[in-house]
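Colleague: based on what follows, work out the 3D shape:
(one chain, ligands or ions: 1)
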Amino acid sequence: MNAAQQTIAGGLKVSKSIAAVDLSAGALAHAPALLKAHFGAGTAFLIADENTWAAAGLALDAHLRAAGIPVKAHVLPAKPKPKPSVELAQTLIGALQESDAIPVAVGSGVINDVVKYAAYKLGRPYLCVATAASMDGYTSAGAPLSEKGFKKTIQCAPPRAIVADVDVLRKAPPEMTSWGYSDLAGKIPAGADWILADELGIEAIAPAAWALVQGHLRDFLAQPRNVARGESGAIENLFAGLSLVGFAMEIYGSSRPASGADHQIAHLWEMQGLEHDGGLVSHGSCVAIGSLAVLQLYSWFLAQDIDRLDIEATVARAPDFSGKAEEIRRAFGPSEICDRSIEETRLKHVDKDVLRQRLIRLKEVWPRLKARLEQQLVTPQRFTQMLRAAGAPAAPMDIGVDDRYLRQTVLSSLFLRSRYTILDVLDDTGWLRAAVNAIPATPGITTGAAAHAGLSEDR
Ligand SMILES: [Zn+2]
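Modeller: Sure, this is the predicted structure:
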């Protein structure tokens, strides 16, 4: 077993829902044995789109038939691109309901998410055959789907078994692999956010979940150039890193081990339907730029002189909850995002006494907090190089986000989740706007007073 397979074996040991992950070159040929061992006899119902059918479905179909397993297939058109929606999952439920066949998702993000939801609704376990190392959702219990246009993560069961044939993964479009690299790289700032919450006594780090995601993260991210080239070892490591995320979330019970402010920023762009070059910007690309912004906030934060923080003045200036709710209404206007953000913000809002205690603690733990964060983080410059080497977007304009939109998004994403992150500590200290305004301007984009309109009441 190599390092990637060993770490996955560690994840399988703690998982109650996933029985097997076959991550190896030629793994497609093992699918019949895996199916018989973990699903029993029955018809395999392959769900793919035209692209993933060509990438893996056809070969899988041949392997299954050769092993005497009956096969049915439902191949969605590649164009228009299938959308991750409850409505699409409903059509699959309809097709699956006609028999008691075993659902087999052949694809990556969208296919896996809609099949995950359909299988869960039908109470059937499913097999996932991965076609790209493009995201961290293969092992996760949630399916991010839109319902009537609003995107949310719906709790479902993860696949019972996963086949990840490295020979298939490495031939995926390089762009998709860069999304996976970005999603995994986002675990660097996400880990920093957890350290912050841990030191401030808000959410303690759970060592087992931490170790699954962070234990080998540096190794798995170490070869961005080889990832871009589709080199087998680098792709195998990338897929292993992405798979471990689901195991960590399963044992921890939330997405904390994998997602912090980086994902909040990304989710806001995704919910706002961010488009660039004529298409929706992928989750991974949004995470790349969200992570970069978070690293910039951290580098500003860590450069501050904590002694200059006047706790009493900060507490006196802190808005009460109704002031925050007002700010949220101004940021989003009447919408479902607005209503949900008010609820999430209510969950994390603290009164002035608690805020005072928190800021006192921040001063007390500062030297140790700073040391831990510096050990966890990489500089924004280094992160940019890693993204570029992996062929991922590495500047906001690479995904069509100008300075003003970037700053608005970072400020508003504070409200999206009750989870404590760098955005919250900057808000608590009254430094958020200053930190956001200090995010370096994108080269070639006009900055100055006009670009920063609406962000002028800096404190
Ligand atoms: Zn993600």
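Colleague: so where's the stretch 301-450 of the chain shaky on pLDDT?
Modeller: Counting by pLDDT under 70, the stretch 301-450 of the chain contains low-confidence residues at 442-450.
Colleague: switch to 80 and redo it
Modeller: 441-450 (pLDDT under 80).
Colleague: all helices of it, in order?
Modeller: Counting by DSSP state H, counting those that start in this stretch, the stretch 301-450 of the chain has these helices, from start to end: 311-317, 321-332, 336-348, 352-376, 380-389, 403-413, 422-428, 432-437.
Colleague: could you look up the SS state of residue 210?
Modeller: What DSSP: H, G, I helix; E, B strand; the rest coil gives for residue 210 is helix.
Colleague: out of the helices of the stretch 301-450 of the chain, which gets nearest to residue 293?
Modeller: Comparison of the helices of the stretch 301-450 of the chain against residue 293 by Cβ to Cβ identifies helix 403-413 as nearest, at 5.5 Å. All C-beta spots, glycine's among them, are computed from the backbone N, C-alpha and C.
Colleague: okay but residue 262 is in contact with residue 297, surely?
Modeller: No: taking contact to mean Cβ atoms under 8 Å, the distance of 10.2 Å between residue 262 and residue 297 leaves them out of contact.
Colleague: I'd like the helices of the stretch 301-450 of the chain as JSON lines, with mean neighbour count and distance to residue 147 appended.
Modeller: Compiled in JSON lines, the helices of the stretch 301-450 of the chain are given as follows (neighbours: other Cβ atoms under 10 Å; distance: least, Cβ to Cβ, whole Å):
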{"stretch": "helix 311-317", "mean neighbour count": "13", "distance to residue 147": "40"}
{"stretch": "helix 321-332", "mean neighbour count": "15", "distance to residue 147": "19"}
{"stretch": "helix 336-348", "mean neighbour count": "16", "distance to residue 147": "11"}
{"stretch": "helix 352-376", "mean neighbour count": "15", "distance to residue 147": "36"}
{"stretch": "helix 380-389", "mean neighbour count": "18", "distance to residue 147": "32"}
{"stretch": "helix 403-413", "mean neighbour count": "21", "distance to residue 147": "22"}
{"stretch": "helix 422-428", "mean neighbour count": "24", "distance to residue 147": "27"}
{"stretch": "helix 432-437", "mean neighbour count": "19", "distance to residue 147": "32"}
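Colleague: more neighbours: which of residue 262 and residue 297?
Modeller: It is residue 262, of residue 262 and residue 297, that has more neighbours when counted by other Cβ atoms under 10 Å, with 32 against 26.
Colleague: in what helix or strand does that one lie?
Modeller: Taking DSSP states H and E as the definition, residue 262 sits inside helix 261-271.
Colleague: how far does that helix sit from the chain's center?
Modeller: In this view, helix 261-271 has its centroid 9 Å away from the chain centroid, taken as Cα atoms, centre = their mean, to the nearest Å.
Colleague: what's the following helix or strand after it?
Modeller: Taking DSSP H and E as the definition, the helix or strand right after helix 261-271 is strand 275-276.
Colleague: centre of the chain to that next one, how far?
Modeller: When distances are taken as Cα atoms, centre = their mean, strand 275-276 is centred 19 Å away from the chain's centroid.
Colleague: what's it in contact with?
Modeller: Contacts of strand 275-276 with the rest of the structure, by Cβ atoms under 8 Å, 6 or more residues apart in numbering, involve 281, 398-400.
Colleague: could you do stretch 318-330 as well?
Modeller: Residues external to stretch 318-330 that are found in contact with it (Cβ under 8 Å, 6+ apart): 338, 341-342, 345-346, 349, 352, 355, 415, 428, 430.
Colleague: convert the C-alpha atoms of that stretch to CSV, please.
Modeller: Listed next in CSV are the C-alpha coordinates belonging to stretch 318-330 (Å, rounded to 0.1, in the frame of the first residue of the first chain):
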residue,chain,number,x,y,z
ALA,A,318,-19.8,46.9,18.8
PRO,A,319,-23.2,46.8,17.2
ASP,A,320,-26.1,45.0,19.0
PHE,A,321,-27.9,42.3,17.2
SER,A,322,-30.5,44.5,15.6
GLY,A,323,-27.7,46.7,14.2
LYS,A,324,-26.2,43.6,12.6
ALA,A,325,-29.5,42.5,11.2
GLU,A,326,-29.9,45.9,9.7
GLU,A,327,-26.4,45.6,8.1
ILE,A,328,-27.4,42.1,6.7
ARG,A,329,-30.6,43.5,5.1
ARG,A,330,-28.5,46.3,3.5
